[in-house]
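Peer 1: Give me a 3D structure for the following:
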Amino acid sequence: RGAGRTLLPLAAALALAACASTVDIWSGLAPGADLGGYATFEPIDPAPPPGANSVIFERARQGVEAWIESKGYEKAREGDMVALLTFSAKDRLNVYSWDRAGCLEGRCAPGYVTSYYTVDTIAVDLIDARTGKALWRGQAVLEVDPASPNPERYETAVTRLMEHLPVSVAPPRRHIAPAS
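Peer 2: Alright, predicted model coming up:
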């Protein structure tokens with residue numbers, strides 16, 4: 001019986017470790033939006049937002065643009081859509097507690113484990129360049145350790161997020177040189 005109670009802190013720690021590897025994805029079209037008529041997009045502003053890790057932002061920016069192109073949209077200086085990439089971070093604290101931690105000589109005490117972590121959100125928005133209306137938004141939410149950023153986790157999050165972007169069905173634009 002005592003062994004089961006002393007394993008509770010270990011179980012709580014393992015549960016915390018398991019949560020740290022998750023990436024939650026959400027994406028969707030704006031009501032009434034249809035990407036069927038869009039063939040091009042304007043590149044993402046290369047300037048990272050204030051406070052963002054510039055290396056991770058640049059890798060994410062390149063990854064997002066490559067994914068948009070792989071879905072059949074063409075990068076153009078003046079595209080049909082504007083692509084936006086935003087990062088946000090929130091610090092969190094989890095407290096896991098239980099009635100009895102471990103027992104020593106018949107005395108049992110409550111126990112708890114705390115975990116500090118940061119939740120980063122990567123969001124990609126596609127906006128109609130002419131009207132300014134939102135067309136599609138996708139976001140990835142992941143737990144990170146800001147003291148030791150892991151670019152591969154961000155790349156995985158971008159990949160999982162961009163897999164949800166609908167494929168372009170618009171015919172590619174033909175660039176025809178003016179007759180001379």
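
Peer 1: Please work out which residues outside stretch 79-91 touch it.
Peer 2: Outside stretch 79-91, the residues within contact range by CB atoms under 8 Å, 6 or more residues apart in numbering are 37-45, 48-49, 51-52, 57, 60-61, 64-65, 68, 73, 116-130, 135, 144, 146. Bear in mind the C-beta positions are built from the backbone N, C-alpha and C, glycine included.

Peer 1: buried ones in it?
Peer 2: 79-85, 87 (16 or more other CB atoms under 10 Å).

Peer 1: Tabulate the residues you listed (a markdown table), appending secondary structure, distance to Met162 and pLDDT.
Peer 2: What follows is the buried residues of stretch 79-91, written out as a markdown table (DSSP: H, G, I helix; E, B strand; the rest coil; distance: CB to CB, whole Å; pLDDT from 0 to 100):
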| residue | secondary structure | distance to Met162 | pLDDT |
| --- | --- | --- | --- |
| Gly79 | coil | 17 | 94 |
| Asp80 | coil | 18 | 94 |
| Met81 | strand | 14 | 96 |
| Val82 | strand | 16 | 96 |
| Ala83 | strand | 11 | 96 |
| Leu84 | strand | 14 | 95 |
| Leu85 | strand | 11 | 94 |
| Phe87 | strand | 15 | 89 |
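
Peer 1: Double-check that Tyr112 belongs to a strand.
Peer 2: Yes - under DSSP: H, G, I helix; E, B strand; the rest coil, Tyr112 falls within a strand.

Peer 1: Can you name the residues bridging to it?
Peer 2: The partner list for Tyr112 in beta bridges (DSSP bridges) reads Ser97.

Peer 1: Confirm for me that it is in contact with Leu93.
Peer 2: No - at 11.7 Å, Tyr112 and Leu93 do not qualify as touching, with contact defined as CB atoms under 8 Å.

Peer 1: Show me which of these two is the more surrounded one.
Peer 2: Neighbour count, other CB atoms under 10 Å: between Tyr112 and Leu93, Tyr112 has more, with 11 against 8.

Peer 1: And the contacts of the helix ranked longest in the chain?
Peer 2: Looking across the chain with DSSP state H, the single longest helix is helix 54-70. Helix 54-70 is contacted from outside by 41, 43-44, 46, 48-49, 75, 83, 85, 87, 122, 124, 126, 149, 151, 154-155, 158-159, 162-163, 165, using CB under 8 Å, 6+ apart.
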